[in-house]
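K.L.:
no sequence on this one, just coordinates:
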């Protein structure tokens, strides 16, 4: 393998593994959108909050890592549930701007709280895995990213089974498809809305533990949420598979852009390229690769 | 002078279209003008005037965003980016071409309008959530471009120092002088918006917001009016950015990041969507919020917290209060402060003889 090709291979591999970690965060967004058609602009803050909870649990004496993860999952599930009850249910049936603004307001609250409760310094979130990367030819893969890949894949399988086979999953798809008909069939729509938010919280909790390990837990952790939008737009807002594929595309594109363009423009392409890609996608295929096409004249 | 109407007795279109149909409204506006043009600058010191100056700048931006979001129903999370376009256009013109403010100000506005219309093009294909995300992308891309193209940003720290605005050899230097400079443009923006929203264009905007398909059927060119709305809104944003640049004496992209876009959205939601008075109230409210929080924390905060922690807490507290207010207003009073004001007014309209 020539050096040039090796460089490209390394970029693509690191892009793919980071991309799957983006999908992990985007999954929470997709779950909520799929079931309730609400847009969560606070997804990054969900991840950050979960990171804080896990880090705080782990800081206790002799706490095993499993307790931290389970604690974060539990807290985030309750949080998602309560959030739907207190903030989003009163906004049912209101224009989309209202829901977007409510989640933006929520994001502000969530960004203000941790420094008051947990303190302003960055917390470490150590996981019991090795630090030095595995070598895959010229490409280096950090073990935590490998863990992220495994978790993302596991989630993908679980959600596919959940939506296809379980009673709850089928009911949730029915709610997503048509709320009125679902209601007429005896499905408690509001309960499934709450369930969707709770599930989004749980997914974010796992995302928070893994991202918190990679970046350290502080308010900046919420910024990974900005990557969610290109991912879900590319993949399709209401598709679990789309979140994974979108994540992979965004990961590879930003990795390649950072590798090849950064030397010329002086950095920052990583955050910029996904959005350019997203604009193009919005222009030519606004419903994404796997998204449901709703034909609507604008 | 205090008499109120007992019914609708308008006999001409002119009377129906009047901005202030009642004498009391005319007197109130005249009173406010005297208050703001004579009493305020004479009685307040520099510090308070500098806060009011910030309010005046925010009023211009909030009016612009309300035209787009409140009147036309198109959401935008990129308002601050258009402000930065205006700011850097004006700063470059002022520094490189030595142009006075009465050229750089409209130039900044027009440049922002142009960019705004370009960002608004996706609104022809997409709406709601997708438009929100597209404008968010616009914000990030414009921010990145300004930050990375040194020809625009002036190189070091992406900031350009601008000279003070000058008119007929007279420089606006102190806060008191800047106050008049800003007041003029704020009033101009208010009057322009009041007139815009009752014109043909404003009515077309409202029609597009309420039912776009119906609007198209009655002959409104949606394509044109959506773009026009983006352009006008961005023009206001650009002017707002220029004013802010002259106020600070420096154009800096950090003043126009995504948080600012959200501040402006909060202004119009808390103030009241689709209302001029609401934009003004919202601008006042959001500008004063951090100041009031700081005052309260400095006066009473040390009762609960140790004084060393206080400075760091204020910005966090501001975020929390800010987010809670947005959610509270959305749930409890979606029509904002404007509606609260109308409720109070209507209560006193027939007071004390409410039937």
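P.N.:
Right, received. Where do you want to start? These numbers come from a predicted model, not from an experiment.
K.L.:
going forward, measure contacts and count neighbours with C-alpha atoms only.
P.N.:
OK.
K.L.:
Three-state assignment for residue A:40, please.
P.N.:
Following DSSP: H, G, I helix; E, B strand; the rest coil, residue A:40 is assigned to coil.
K.L.:
correct me, but it touches residue A:29?
P.N.:
Yes - Residue A:40 lies in contact with residue A:29 (CA atoms under 8 Å); the separation is 6.2 Å.
K.L.:
which one's more surrounded, the two?
P.N.:
It is residue A:29, of residue A:40 and residue A:29, that has more neighbours when counted by other CA atoms under 10 Å in any protein chain shown, with 32 against 26.
K.L.:
what is the helix or strand harbouring residue A:214 packed up against?
P.N.:
When elements are assigned from DSSP states H and E, residue A:214 belongs to helix A:189-215. Counting contacts by 3 or more CA pairs under 8 Å, 6 or more residues apart in numbering or on different chains; DSSP states H and E, helix A:189-215 packs against helix A:3-36, helix A:43-59, helix A:65-83, helix A:143-165, helix A:167-177, helix A:179-184.
K.L.:
so, low pLDDT: which residues of the stretch 51-200 of chain B?
P.N.:
B:125-127, B:154-158, B:166, B:169 (pLDDT under 70).
K.L.:
try 90
P.N.:
The stretch 51-200 of chain B contains residues with pLDDT under 90 at B:51-54, B:68-79, B:86-108, B:115-185, B:187, B:191, B:194-195, B:197-200.
K.L.:
just the helices in it please.
P.N.:
B:79-96, B:101-120, B:129-148, B:150-153, B:175-197, B:200-210 (DSSP state H, counting those that start in this stretch).
K.L.:
most tightly packed of those helices?
P.N.:
helix B:79-96 (a mean of 28; mean count of other CA atoms under 10 Å in any protein chain shown).
K.L.:
run the angle between that helix and helix B:101-120 for me.
P.N.:
140 degrees (axes from the mean of the first three to the mean of the last three CA atoms, to 10 degrees).
K.L.:
so does helix B:79-96 get close to chain A?
P.N.:
No - if you take CA under 8 Å from any CA of the partner chain as the test, helix B:79-96 misses chain A, and the best it gets is 14.5 Å.
K.L.:
next one: that helix to chain centre, how far?
P.N.:
Helix B:79-96 sits 17 Å away from the centroid of its parent chain (CA atoms, centre = their mean, to the nearest Å).
K.L.:
same deal with stretch B:277-285?
P.N.:
Worked out by CA atoms, centre = their mean, stretch B:277-285 lies 8 Å from the chain centre.
K.L.:
show me what that stretch is in contact with.
P.N.:
The contact list for stretch B:277-285, computed with CA atoms under 8 Å, 6 or more residues apart in numbering or on different chains, reads B:55, B:58-59, B:62-63, B:66, B:264, B:266-273, B:336-338.
K.L.:
so which of the residues you listed reach chain A?
P.N.:
Among the contacts of stretch B:277-285, chain A is touched by residue B:266 when using CA under 8 Å from any CA.
K.L.:
which bits of the stretch 1-150 of chain B sit near chain A?
P.N.:
B:75, B:122, B:124-130, B:133-134, B:137, B:140-141, B:144, B:148.
K.L.:
how about the helices of the stretch 51-200 of chain B in a markdown table, adding distance to residue A:112?
P.N.:
Listed next are the helices of the stretch 51-200 of chain B as a markdown table, based on distance: least, CA to CA, whole Å:
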| stretch | distance to residue A:112 |
| --- | --- |
| helix B:79-96 | 21 |
| helix B:101-120 | 31 |
| helix B:129-148 | 22 |
| helix B:150-153 | 31 |
| helix B:175-197 | 32 |
| helix B:200-210 | 34 |
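K.L.:
so which of those helices is nearest residue A:203?
P.N.:
helix B:129-148 (22.2 Å; CA to CA).
K.L.:
and the angle for the closest one with helix B:79-96?
P.N.:
30 degrees.
K.L.:
remind me what helix B:129-148 packs against, helices and strands.
P.N.:
Against helix B:129-148 (3+ CA pairs under 8 Å, 6+ apart) you get helix A:96-118, helix A:269-284, helix B:79-96, helix B:101-120, helix B:150-153.
K.L.:
nearest to residue A:81, of the ones you listed?
P.N.:
The closest of those to residue A:81 is helix A:96-118. By CA to CA, the value is 14.2 Å.
K.L.:
other SSEs contacting the closest one?
P.N.:
Looks like helix A:96-118 contacts helix A:43-59, helix B:129-148, helix B:258-271, helix B:310-332 (3+ CA pairs under 8 Å, 6+ apart).
K.L.:
following the last one, which helix or strand comes up?
P.N.:
What that stands for is helix B:310-332. With DSSP H and E, the next secondary element past helix B:310-332 is helix B:336-349.
K.L.:
return the set of buried residues in that next one.
P.N.:
B:336-339 (16 or more other CA atoms under 10 Å in any protein chain shown).
K.L.:
next: stretch A:49-68.
P.N.:
Neighbour-count burial for stretch A:49-68, with 16+ other CA under 10 Å as criterion, is recorded at A:49-58, A:65, A:68.
K.L.:
can you redo those as JSON lines with pLDDT and distance to chain B?
P.N.:
Listed next are these as JSON lines, based on pLDDT from 0 to 100; distance: CA to the nearest CA, whole Å:
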{"residue": "A:49", "pLDDT": "89", "distance to chain B": "14"}
{"residue": "A:50", "pLDDT": "88", "distance to chain B": "18"}
{"residue": "A:51", "pLDDT": "87", "distance to chain B": "18"}
{"residue": "A:52", "pLDDT": "87", "distance to chain B": "16"}
{"residue": "A:53", "pLDDT": "86", "distance to chain B": "18"}
{"residue": "A:54", "pLDDT": "85", "distance to chain B": "21"}
{"residue": "A:55", "pLDDT": "84", "distance to chain B": "20"}
{"residue": "A:56", "pLDDT": "83", "distance to chain B": "19"}
{"residue": "A:57", "pLDDT": "82", "distance to chain B": "22"}
{"residue": "A:58", "pLDDT": "81", "distance to chain B": "24"}
{"residue": "A:65", "pLDDT": "78", "distance to chain B": "29"}
{"residue": "A:68", "pLDDT": "81", "distance to chain B": "26"}
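K.L.:
give me the number of residues near residue 30?
P.N.:
Going with chain A. By other CA under 10 Å, neighbour count at residue A:30 equals 29.
K.L.:
I was after chain B.
P.N.:
For residue B:30, the count of nearby residues is 12 (other CA under 10 Å).
K.L.:
try residue B:299
P.N.:
10.
K.L.:
figure out the helix or strand that it lives in.
P.N.:
Assigned by DSSP H and E, residue B:299 falls in helix B:276-300.
K.L.:
about what we covered before: quick one: which of the buried residues of helix B:336-349 is nearest chain A?
P.N.:
Among the buried residues of helix B:336-349, residue B:336 lies closest to chain A (CA to the nearest CA), at 12.2 Å.
K.L.:
that closest one and residue B:271 touch, don't they?
P.N.:
Yes - between residue B:336 and residue B:271 there is a contact at 4.9 Å, judged by CA under 8 Å.
K.L.:
so residue B:101 makes contact with residue B:165?
P.N.:
Yes - under the criterion of CA under 8 Å, residue B:101 makes contact with residue B:165 at 5.7 Å.
K.L.:
wait, residue A:288 sits on residue A:241?
P.N.:
No - counting by CA under 8 Å, residue A:288 stays clear of residue A:241, with 11.4 Å between them.
K.L.:
what's the overlap in contacts for the two?
P.N.:
With CA under 8 Å, 6+ apart, residue A:288 and residue A:241 have common neighbours residue A:235.
K.L.:
what residues does the stretch 201-350 of chain B put near chain A?
P.N.:
Checking the stretch 201-350 of chain B against chain A by CA under 8 Å from any CA, the hits are B:212-213, B:262, B:265-266, B:313, B:315-327, B:330-331.
K.L.:
now do 10 Å
P.N.:
Taking CA under 10 Å from any CA of the partner chain as the contact definition, the stretch 201-350 of chain B meets chain A at B:212-213, B:222-223, B:259, B:262, B:265-266, B:269, B:309, B:312-332, B:334.
K.L.:
how about low-confidence regions in chain A?
P.N.:
Those would be A:1-44, A:46-73, A:75, A:80-81, A:83-104, A:108, A:110-196, A:199-298, if you go by pLDDT under 90 across chain A.
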